[in-house]
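> can't give you the sequence, but here's the structure:
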């Protein structure tokens, strides 16, 4: 029993110190380990298996919309990075530079890609000739590097895994349609698979991607009320096309510039899963993404017939991601481990259960215990996983909605942001100066201008001038 | 018809110039495009889809043996790379160095990983404490960088995709068992999925991996008789463990060093698929790996009912990787394209076929035409794909076996290597000087000492001294 305690006691309570709780969970659930490479992490099997499931789900959704995967080089020649003015200004200060190859100094420095717009554009400039070549709907799964000063597991690291989609279209309308479509793919994925409710909206110009005409975002609220930008989709118009000379011959035999988009989602989202669903016992994984959905824990496993029955259940549940823990650890230790690692269900089965023809199913999120007839285990497990998935989303949505406030004047705005974890809705005039002032006064930033939002007034919450933009504000990761 | 011709004529014949034929196929089948980053390639959708299928098949096989996926950083601090003497000597001359992060010069240079032994060792040194932590069976899918001077699509590029497995074991025996086991996974995969017969064997000390005790390899013969090393598996003994101080407390409470292995297979293997199976019309993909297994090509598709029937067939064949080409190109152009891209089967269906209740199936490899009743299309397609897969392996094996020669004396050896594309079996004394001399005289290298090989004499083919090692020699990619 000493061991059981150790595992649990090692986590800081969320209420005491949310940041420390987060770090504890990441370590104790064995998702990540720090490495000797400053600011870079090792993603361990339990963490990487979550990413593999995210990849599988998203990749299928991308392909259903016609997207194809490709692989671009990881290096960008300095001259290529500099072709689009806003883009280089945004990224150059935070890239890693390769200056030597083998024993020789390079004639031109190469940066390790922080994102690959320039590489795709360089490729498209030759690849796209005619309207027949459009649209191009390409994506790649890779890692990118941004030389961050302060880093945190999953949330901010010098190297991180992501996918980046890059598309080229004949018209402005098609590009806009694709930008929104991919944002919706992200949003549906977050809600249906990760049980994370998100707010869809547009970024202000200050917060948009370097080189984009418009950036759309999905914003999620973590348990501590802070915002996490969970995926973004950018419409570039023909800005990059002009910088890289990507033209196609249209049906009318004239040369036209393409319109482009890009969209990305990264391993940051694993941070969101942890901070939306986790509790003081550790990780809580939504069934749809959990690498292990069910762990079977035999009780008094040395008694005759127990392990045999447990193995029989494992086989019957093999349509799910199930494992049997028949190690020599105590059941109590195994319970704690199931909780720490966030496996959605545990199935307890001991001699008394077997005699009664039943077992006990325990939900990770609510700790509800369900006594289940062995005959009905497949159906009960299936229903319970489904119910848990739905309820996790509902719970997260209720928590979020109860932490969204409105402010009509600046005093209320500042007080609300200061005293209440969560988001604040407020009107904004569109002037970047107001955004800056709000950030300086409160540390909150504009998260997005939600789609279809109703105005809650007609004056800017900051300067009092006329305003027609409803903005969600919040402190962010 | 002008277009049909163009597509086909653009390929150089294999007999005329095999290297040019290879480059033509790679380009015309749209597998790869050169990039603005010298020595780095863009893998296009048709090429990347092959890699995705390779990943899917291999990853499943790895996991069946207990392997878990992880993600290590892409950078290695210079001091870490230098910890194992042989390893750094082997790799330092060909790595890319990052010297600046953002606007600052780094205190210590980082190399972009050429392979990740040092990162895994650094991680294992903390991660492994007790015999309970063993074995560790980790793998990662990633890209690595080696600053090659001359590059060729898939075969040699500055950045390439691969997987690298890294395991740690309690005993020497276990490590050796794992090394061989993973070599066998590669060999079975190559033969069963890629239809590429391979020779399993051990590398000579001269050819082994930098830092390994023993390197095992699978060697394949390309259509031009040259060898391609298709996958390697290394036993490190406790050499890295001593350099990185990776010790565990054993059951008897003493500290012991772990024994390690690593094993890798890269996008080079796509080069092997091309060069083993391709012909003068383009790529020929084995059904088990082909991203598109069947293309349905409607004949006189504007005639009533043709497209409808073609679509009906597509739906009935949806258990396979099928696509319907209803573009406005001519059937002849579509046939050429199917051949160029190596889709295993095409199904032709026109008004006369529909009237007769049949369609025509054409195999890519043999061009055999099979008239098939529409009622039986699922079974016929399934059997034909299976047969094609088997026959492609048999054909490749027959080609290889008819190009393996034996040499008992040096004159015969040099003449055979010089005049006959293929491999030569010959005895070797074990002296590196003989290996060097053979390489200088013939440009052939020792490919491997095959498992279970019978001696074909008792004297070294080069120096005439006593020899008990049977070696396969060949010119290599």
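Arrived safely. Because the structure is a prediction, the values reported are computed rather than measured.

> can you tell me how far the closest residue to residue A:238 other than its chain neighbours is from chain B?
Once flanking residues are discounted, residue A:238 sits nearest to residue A:257: 4.1 Å by C-beta to C-beta, 6 or more residues apart in numbering or on different chains. C-beta: built from backbone N, CA, C; applies to glycine. Distance from residue A:257 to chain B, counting by C-beta to the nearest C-beta, to the nearest Å: 20 Å.

> check contacts around residue A:257.
Residues near residue A:257 by C-beta atoms under 8 Å, 6 or more residues apart in numbering or on different chains: A:238, A:241, A:242, A:246, A:247.

> strands of the stretch 151-300 of chain A, start to end?
Using DSSP state E, counting those that start in this stretch, the strands found in the stretch 151-300 of chain A span residues A:159-169, A:199-202, A:214-221, A:227-237, A:247-249, A:255-257, A:259-266, A:294-298.

> show me which positions of the fifth one end up buried.
To tie it back to what came earlier, the one meant is strand A:247-249. Residues A:247, A:248 are the ones in strand A:247-249 that count as buried (16 or more other C-beta atoms under 10 Å in any protein chain shown).

> bridging residues for the residue nearest to residue A:236 when sequence neighbours are not counted?
Spatial nearest neighbour of residue A:236, excluding adjacent residues (C-beta to C-beta, 6+ apart): residue A:260 at 4.3 Å. Beta bridges link residue A:260 to residue A:168, residue A:237, judged by DSSP bridges.

> distance of the spatially most central residue of chain A from residue B:308?
Nearest residue to the geometric centre of chain A (C-alpha atoms, centre = their mean): residue A:269, 1.9 Å. Separation of residue A:269 from residue B:308 (C-beta to C-beta, to the nearest Å): 43 Å.

> where is the longest helix in chain A?
When chain A is scanned for its longest helix (criterion: DSSP state H), the result is helix A:377-401.

> now do that one, average pLDDT.
Per-residue pLDDT over helix A:377-401 has a mean of 98.

> check which element follows it along the chain.
Downstream of helix A:377-401, the next assigned helix or strand under DSSP states H and E is strand A:404-406.

> give me the contacts around that following strand.
A:221, A:416, A:420, A:422, A:423, A:424, A:425, A:426, A:456, A:472.

> of those residues, grab the buried ones for ChimeraX.
Burial among those is assessed by 16+ other C-beta under 10 Å; the matching ChimeraX selection reads:
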select /A:221,416,422,423,424,425,426,472
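
> and the contacts of strand A:404-406 as a markdown table, adding distance to chain B and pLDDT?
Listed next are the contacts of strand A:404-406 as a markdown table, based on distance: C-beta to the nearest C-beta, whole Å; pLDDT from 0 to 100:
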| residue | distance to chain B | pLDDT |
| --- | --- | --- |
| A:221 | 28 | 98 |
| A:416 | 36 | 98 |
| A:420 | 36 | 96 |
| A:422 | 33 | 98 |
| A:423 | 32 | 98 |
| A:424 | 33 | 98 |
| A:425 | 36 | 98 |
| A:426 | 34 | 98 |
| A:456 | 41 | 96 |
| A:472 | 31 | 98 |
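
> among the contacts of strand A:404-406, which lie within helices?
Using DSSP H, those in helices are residue A:416.

> now distance to residue A:378 too, for the contacts of strand A:404-406, in CSV please.
Output for the contacts of strand A:404-406, formatted as CSV (distance: C-beta to C-beta, whole Å):
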residue, distance to residue A:378
A:221, 36
A:416, 49
A:420, 45
A:422, 41
A:423, 41
A:424, 47
A:425, 45
A:426, 51
A:456, 49
A:472, 43
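
> of the contacts of strand A:404-406, closest to residue A:340?
Residue A:340 has its nearest neighbour among the contacts of strand A:404-406 in residue A:221, at 24.0 Å by C-beta to C-beta.

> next up, the contacts around that closest one.
A:227, A:228, A:276, A:399, A:400, A:403, A:404, A:422, A:423, A:474.

> name the nearest residue to the closest residue to chain B within the stretch 351-477 of chain A, sequence neighbours excluded.
The minimum distance from the stretch 351-477 of chain A to chain B, using C-beta to the nearest C-beta, falls at residue A:477 (20.8 Å). Counting by C-beta to C-beta, 6+ apart, residue A:228 is the residue found nearest to residue A:477 once chain neighbours are left out, at 4.8 Å.

> that neighbour - how many residues pack around it?
Residues near residue A:228, counting by other C-beta atoms under 10 Å in any protein chain shown, number 22.

> what of residue A:255?
Residue A:255: 9 surrounding residues under other C-beta under 10 Å.

> any idea how far it is from chain B?
Distance, residue A:255 to chain B, using C-beta to the nearest C-beta: 22 Å.

> do residue A:294 as well
Residue A:294 is 18 Å from chain B, by C-beta to the nearest C-beta.

> returning to that earlier point: compute the distance between the residue nearest to the centre of chain A and residue A:255, please.
To residue A:255, residue A:269 is 40 Å away according to C-beta to C-beta.

> what of residue A:347?
To residue A:255, residue A:347 is 65 Å away according to C-beta to C-beta.

> next: residue A:90.
Residue A:90 is 29 Å from residue A:255, where distance means C-beta to C-beta.

> over to residue A:201?
To residue A:255, residue A:201 is 35 Å away according to C-beta to C-beta.

> what of residue A:466?
For residue A:466, the distance to residue A:255 - C-beta to C-beta - is 43 Å.

> residue A:165 now?
26 Å.

> equivalent analysis for residue A:341, please.
When residue A:341 is compared with residue A:255 (using C-beta to C-beta), they lie 57 Å apart.

> and for residue A:363?
The value you get for residue A:363 to residue A:255, if C-beta to C-beta is used, is 61 Å.

> and residue A:128, by the same measure?
Taking C-beta to C-beta as the measure, residue A:128 falls 11 Å from residue A:255.

> joint contacts of those two?
With C-beta under 8 Å, 6+ apart applied, the overlap between the contact sets of residue A:128 and residue A:255 consists of A:247, A:248.

> please identify the buried residues of stretch A:349-356?
A:349, A:350, A:351, A:353, A:354.

> ok, now stretch A:239-252?
Buried, per 16+ other C-beta under 10 Å, within stretch A:239-252: A:239, A:240, A:241, A:243, A:244, A:246, A:247, A:248.

> what's the answer for stretch A:448-467, then?
Buried, per 16+ other C-beta under 10 Å, within stretch A:448-467: A:448, A:449, A:450, A:457, A:459, A:460, A:461, A:462, A:467.

> could you do stretch A:123-134 as well?
Buried, per 16+ other C-beta under 10 Å, within stretch A:123-134: A:123, A:124, A:125, A:127, A:128, A:134.

> what ranges in chain A fall below the confidence cut-off?
When residues are selected by pLDDT under 70, those of chain A lie in A:1-9.

> domain ranges for it?
Following automatic domain parsing, one gets these domains for chain A: A:2-277, A:294-392, A:404-474.

> ok, which of the ones you listed comes nearest residue B:152?
Of all the domains of chain A, domain A:2-277 sits nearest to residue B:152, with 15.6 Å by C-beta to C-beta.

> residue A:409 versus residue A:366, what's the distance?
41 Å.

> and what of residue A:42?
Counting by C-beta to C-beta, the separation of residue A:42 from residue A:409 is 49 Å.

> higher neighbour count, the two?
With neighbours defined as other C-beta under 10 Å, residue A:42 and residue A:409 compare such that residue A:42 has more, 23 against 14.
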